[in-house]
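In: Return a 3D structure for these sequence lines:
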Amino acid sequence: MVLITVLAALTAAACGIAEEKPELVRGENFTDVPAIGKELCVHNIFQAGMVLQRGKPVPVWGWAAPGETITVSFGGQTHKATAADDRAWKVTLAAMEANSKPQTMSIEGKSRKLTLDNILVGDLWVLGGQSNMEFELAKLDNGRLEIVSANFPNIRHITIPQLNGADHRKAFPRHYKWSGWFKRHMKEGYWETCTPQTVRKLSGMGYVFARRIHMATQIPIGVIDVSRGGTTVETWTPRLVLDEIGTPEVQSLLQSWDDKVAAFDPKQDLEERIKRHHAWVARMKKDGREIPANRKAPSDLRPGPAMDQNRPGNCYASIIAPIAGIPVKGAIFHQGYNNALGSGTQGYNMYYQVFSRMITAWRAAFNDPAMPFGIISLCTAGKPQDVDDYVSYMFNDGIYIREVQYRIFLDFKNAGDQNIGFASSFDQRRSWYHPQIKIPVGERIAKWALATQYGMSRDIKWEPPTYEEMKIVDGAIHLKMNGWTGPYHDGPILGFAIAGEDKKFQPAKAAYFVKGKDRHNRPQHDRRILVLASPLVPEPVHFRYAWGRNPLANLKTSDHTDIPFATQRSDDWTLEDLYEAYTGEKPQAAALDRRERGILHRAMKAEDQRRLLFEAKAFVVEHEKEVEGKSK
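Out: Okay, the predicted model is just below:
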């Protein structure tokens, strides 16, 4: 029995397959699989237990000795290739139908044969974005219920290692990586079968998306998680693509990073860190505190900003490029938090200029210019907006990022793109910037996929309601919607703010247009037309909706779905425009500085006070008349 176990382990290592470890503890040694082996090897995306994309030719590639003939067999197909001088070889399997029966792929060279079993054919989806996509299932509200229910042998998932660097990598390694955050080894770069044991650390939103599609279609589903916390849109975009954009915002960003990279001195950095360490030791001794035995003076040379995960193009080069060329069904993307960190007008303009190019670049990476791409808008963060502080909570950079994400969706859609998707997440209201209410959002983006990619559009509605026309009528804004809309719960429609030419917003009362009266003299409403009005804005010209980072907004479709009216606006006023409108002064520079941002926020808060005072006076007047009437 011992001999069999040893032979099995040796066979696994020879084939580039790491032995399963049921329990992982810090300090154990595991056999990692390099990105490119020294002998015959296949790209690490190809493994036992994976899912291959149906309906498209599937390239299979790897490396071998120059001139070596490689034979690849799978699903009744056999193809040969000869390794080039750089050791690279590739064959292409003809398109296959979905197949939930496990099959085996063999890759054979002159003196070595690799065998990959338990492979299914179905649909592959890429999970992209930052930490809210990365956020693991075990931490979601009701995530544990999903975990104990996660018995889906035909769902497979893989997390791509989070590598660094600006050079486009050809492959990724497989390894067990110690996580200081989770205090355990994390398996990266390995395909796993969906079970309650494996999905705990998987992207919660991605799991829900895959689960719903698989349940509806019974097609094998594979998800490739490339998400990475704390990342920006520009790092997910190829540097060459960014160089082509040429706008002042993008060029300024690139130049600032180039300057940081050029200015960084590893030796000087080390010297400064050593000085800080000795200063810390001196303070500890002065305070009579014990210095931990493992706290040593630094001795390593850091790579600096050149390897920073948010250096423009880095995550694309080190995480997307290694899997470029693998056929996939599509991608979903949830990101924006780091681009909303005090970015201002320049930041959201840059986001608008880059995001569409990022989508096109990802489609090119996976060799499908029409690849389905689902945008999940920026989630909530911070204190919930309410009626008393509505205007002051309209000041937040994240709202502009969220609005840009919806605008990008409309740009693609209006240009005729049939494979662009969108789902709002702002209505899952939590103050934490990692809101745990992600299961409804995962299912919401799954509605888009099922309706547009799996032929279920007659049964499933996914598109957010839109307005077809805006008119100014008798001191109010009339929005003609593309269908019936209503509040999420019974009660008033909340979430609209309107402004006049003075650019000063106030919350609007939203009501359905009264088109006439019935025979009982009761008003008849047209639920396709919303009327927005405020006594403090007698001549409105523009509206904004869900304009808060954690917005008070509840308008949705009225067709038994929960699809919100997305964060949007009819104006194009910048933060600098609002600063001038609210303060009467021009900004000192093209972008507001920290002091001016504080001034603008206080001025917007004053608008809330003006409204509350107005409403209080109106209340007093109304009730004084009521009391006078009763006394008579």
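In: hey, let's count contacts and neighbours off CA atoms from now on
Out: Noted.
In: Just the pLDDT at D32, thanks.
Out: pLDDT, D32: 84.
In: what's the answer for the one 4 residues further on, then?
Out: According to the predicted model, the pLDDT of I36 comes to 96.
In: Low-confidence ranges, the stretch 501-632 of the chain, go.
Out: In the predicted model of the stretch 501-632 of the chain, residues 625, 627, 629-632 satisfy pLDDT under 70.
In: mind running it again at 80?
Out: The stretch 501-632 of the chain contains residues with pLDDT under 80 at 624-632.
In: residue boundaries of the helices in it?
Out: Using DSSP state H, counting those that start in this stretch, the helices of the stretch 501-632 of the chain run over residues 575-583, 594-631.
In: All the helices of this protein, in order from the start?
Out: Here the chain has its helices, by DSSP state H, at 2-14, 131-134, 143-148, 204-217, 239-245, 248-263, 266-286, 314-315, 344-365, 397-414, 439-453, 575-583, 594-631.
In: hey, which helix or strand in the chain has the poorest pLDDT?
Out: Lowest mean confidence among the helices and strands of the chain (mean pLDDT, DSSP states H and E): helix 2-14, at a mean of 36.
In: Wait, F366 touches G325, no?
Out: Yes: assessed by C-alpha atoms under 8 Å, F366 is found in contact with G325 at 5.0 Å.
In: Now list whatever residues contact both of these two.
Out: Common contact partners of F366 and G325 (C-alpha atoms under 8 Å, 6 or more residues apart in numbering): none.
In: For T360, give me its contacts.
Out: Shown in contact with T360 (C-alpha under 8 Å, 6+ apart): P369.
In: Can you tell me how far it is from P372?
Out: In this view, T360 and P372 are 11 Å apart by C-alpha to C-alpha, to the nearest Å.
In: and for the two, which residues touch both?
Out: Contacts common to T360 and P372, judged by C-alpha under 8 Å, 6+ apart, are absent.
In: Count the neighbours of the closest residue in space to A451 that isn't next to it in sequence for me.
Out: Spatial nearest neighbour of A451, chain neighbours left out: S457 (4.0 Å); criterion: C-alpha to C-alpha, 6 or more residues apart in numbering. S457: 15 surrounding residues under other C-alpha atoms under 10 Å.
In: Next: the one 10 residues further on.
Out: Neighbour count of Y467, defined by other C-alpha under 10 Å: 15.
In: so it sits right up against M481, yeah?
Out: Yes: at 4.1 Å, Y467 counts as touching M481 under the criterion of C-alpha under 8 Å.
In: re earlier: now tabulate the helices of the stretch 501-632 of the chain in CSV and tack on mean neighbour count and distance to N349.
Out: CSV is the format used below for those (neighbours: other C-alpha atoms under 10 Å; distance: least, C-alpha to C-alpha, whole Å):
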stretch, mean neighbour count, distance to N349
helix 575-583, 18, 12
helix 594-631, 14, 18
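In: Relative to L494, which of those is closest?
Out: Nearest of the helices of the stretch 501-632 of the chain to L494, taken as C-alpha to C-alpha: helix 594-631 at 16.0 Å.
In: for A150, what are its contacts?
Out: 194-196, 199.
In: Tell me the one among those nearest to E271.
Out: The closest of those to E271 turns out to be V199 (C-alpha to C-alpha; 43.7 Å).
In: ok, that closest one - contacts?
Out: 137, 147, 150, 207.
In: and it, what pLDDT?
Out: V199 is given a pLDDT of 95.
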